[in-house]
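**Student:** Got a sequence here, can you model it:
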Amino acid sequence: MNIKLRGMGVALITPFKEDESIDYDALSRLLEYQIKNGADYLVILGTTAETATLTEEEKKELSKFIVERVNGRVPLVLGAGGNNTRALVHFLQTTDLSGFSAILSVCPYYNKPSQEGIFRHYREVAQASPLPVILYNVPGRTGVNMTPDTTLRLAREVPNIVAIKEASGNLTQIDEIIKNKPVGFSVISGDDGITFPLMTLGGIGVISVIGNAFPREFSRMVRLIEAGDYKSALEIHYKFNELFSLLFVDGNPAGVKSMLNAMGYIKNVLRLPLVPTRISTSEKINEVLNSLNIKY
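**Tutor:** Model (predicted):
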């Protein structure tokens, strides 16, 4: 299966009200902000959405709301992963996935499976999925790294697996995948800070956290790289360099929620065990935002 998910995808946050219920008014504003300012596609119910803290009913309501509001204006990717292969297969076989272009499935976490276990997990998931599957390798969260050999084996042997979101931070590993991947398999940056080098190696874009706050500016960097204007793209990369580190110093999505709160889009509310950024981090974020002089 082929999917057209080039450019800047945004790993969408879930805004909450003061009582920690989902703030659908803020979400609606945020969706319009993304679509009108350059987001090429949106990824929902991923890590940045605090999906682990949402109930099954909330996930269904959130998915339905976003599909209806976006109304086909940009492609949507659904986060659908887990460390129980049977349960994930059942979900994919019994869920209405209308309105989505692909699923993003994180490497099984906590269980620490072997590479063979990872391969078999994804093969089962891909066989059950009616949509193309994007692998998601993020060892800092899952506790296990999917090696290039396993990624390439899946890319070659499982037709429904079409891409990987690589967030290992290991450019040597990512380069090996890009160099040896089959035609039609894509590599997507899972880390804002390495989007520039990854795309110059042959990646097709990024699934971005900072894009929640700055879709216009960050998507412009991606488009400049695609056009081969590396000098102009690098200027934007350096412009955001300090914000990249502030995004994650107190955990994700605490950093980007602090930014969006400072910009007036959402309440600065997270669900436990996550908490808002420290005051010192928020102050630094505000200082950098003011220095960037970006209109939003």
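**Student:** Tell me which stretches of the protein form strands.
**Tutor:** 7-11, 41-44, 76-79, 102-106, 133-137, 161-166, 186-189, 205-208 (DSSP state E).
**Student:** Give me whichever of the ones you listed is most buried.
**Tutor:** Comparing the strands of the chain by mean neighbour count (mean count of other CB atoms under 10 Å), strand 205-208 ranks first with a mean of 28. For every residue, glycine as well, the C-beta is placed using N, CA and C.
**Student:** what comes into contact with it?
**Tutor:** 5-11, 40, 43, 46, 77, 104, 165, 188-192, 195, 198-199, 218, 222 (CB atoms under 8 Å, 6 or more residues apart in numbering).
**Student:** And stretch 155-162, by the same measure?
**Tutor:** 1-3, 102, 122-123, 126-127, 129, 132-135, 154, 164, 181-182, 184-186.
**Student:** What's the PyMOL line that selects buried ones from the residues you listed?
**Tutor:** Remark: buried members of the contacts of stretch 155-162, expressed as a PyMOL selection using 16 or more other CB atoms under 10 Å:
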select buried, resi 3+102+122+123+126+129+132+133+134+135+154+164+181+185+186
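**Student:** which ones among the contacts of stretch 155-162 are found in helices?
**Tutor:** Tyr122, Arg123, Ala126, Gln127, Leu154 (DSSP state H).
**Student:** So which of the residues you listed is the closest to Asn170?
**Tutor:** The nearest member of these to Asn170, counting by CB to CB, is Leu154 at 17.7 Å.
**Student:** The closest one is in contact with Phe119, isn't it?
**Tutor:** Yes: here Leu154 reaches Phe119: they are 6.2 Å apart, a contact under CB atoms under 8 Å.
**Student:** just for the chain, where's the confidence low?
**Tutor:** 1-3, 294-296 (pLDDT under 70).
**Student:** show me the contacts for the nearest residue to Thr53 once chain neighbours are set aside.
**Tutor:** Leaving aside its chain neighbours, Thr53 sits nearest to Arg271 (4.0 Å; criterion: CB to CB, 6 or more residues apart in numbering). Counting by CB under 8 Å, 6+ apart, Arg271 makes contact with Phe16, Glu20, Glu50, Thr53.
**Student:** And those residues, which is closest to Phe214?
**Tutor:** Glu50 (20.3 Å).
**Student:** Contact partners for the closest one?
**Tutor:** Applying CB under 8 Å, 6+ apart, the residues contacting Glu50 are Ile13, Thr14, Pro253, Leu270, Arg271, Leu274.
**Student:** My guess is Ile134 contacts Ala167. True?
**Tutor:** No: using CB under 8 Å as the test, Ile134 is too far from Ala167 to be in contact (12.0 Å).
**Student:** how about the helices in the stretch 151-296 of the chain?
**Tutor:** Secondary structure of the stretch 151-296 of the chain by DSSP state H, counting those that start in this stretch: the helices cover 171-180, 195-201, 215-226, 230-239, 241-248, 254-262, 279-292.
**Student:** hmm, who's touching the shortest one?
**Tutor:** Residues outside helix 195-201 that contact it (CB under 8 Å, 6+ apart) are 166, 171, 174-175, 178, 187, 189, 191, 203, 205-206, 208, 221-222, 225-226, 230, 233-234, 237.
**Student:** at 10 Å what do you get?
**Tutor:** 8, 166, 171, 174-175, 177-179, 187-191, 194, 203-208, 210, 218, 221-222, 224-226, 228, 230, 233-234, 236-238, 240, 244 (CB atoms under 10 Å, 6 or more residues apart in numbering).
**Student:** quick one: stretch 5-25 to chain centroid distance?
**Tutor:** Offset of stretch 5-25 from its chain centre (CA atoms, centre = their mean, to the nearest Å): 12 Å.
**Student:** do the same with stretch 93-110
**Tutor:** On CA atoms, centre = their mean, the centre of stretch 93-110 falls 13 Å from the chain's centre.
**Student:** how about it: buried residues?
**Tutor:** Buried-residue list, stretch 93-110, by 16+ other CB under 10 Å: 95, 97, 99-109.
**Student:** can I get these in a markdown table with distance to Leu289?
**Tutor:** Rendered in a markdown table, the data for the buried residues of stretch 93-110 read as follows (distance: CB to CB, whole Å):
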| residue | distance to Leu289 |
| --- | --- |
| Thr95 | 39 |
| Leu97 | 37 |
| Gly99 | 34 |
| Phe100 | 33 |
| Ser101 | 32 |
| Ala102 | 32 |
| Ile103 | 34 |
| Leu104 | 29 |
| Ser105 | 34 |
| Val106 | 30 |
| Cys107 | 33 |
| Pro108 | 37 |
| Tyr109 | 33 |
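**Student:** Many thanks, have a good one.
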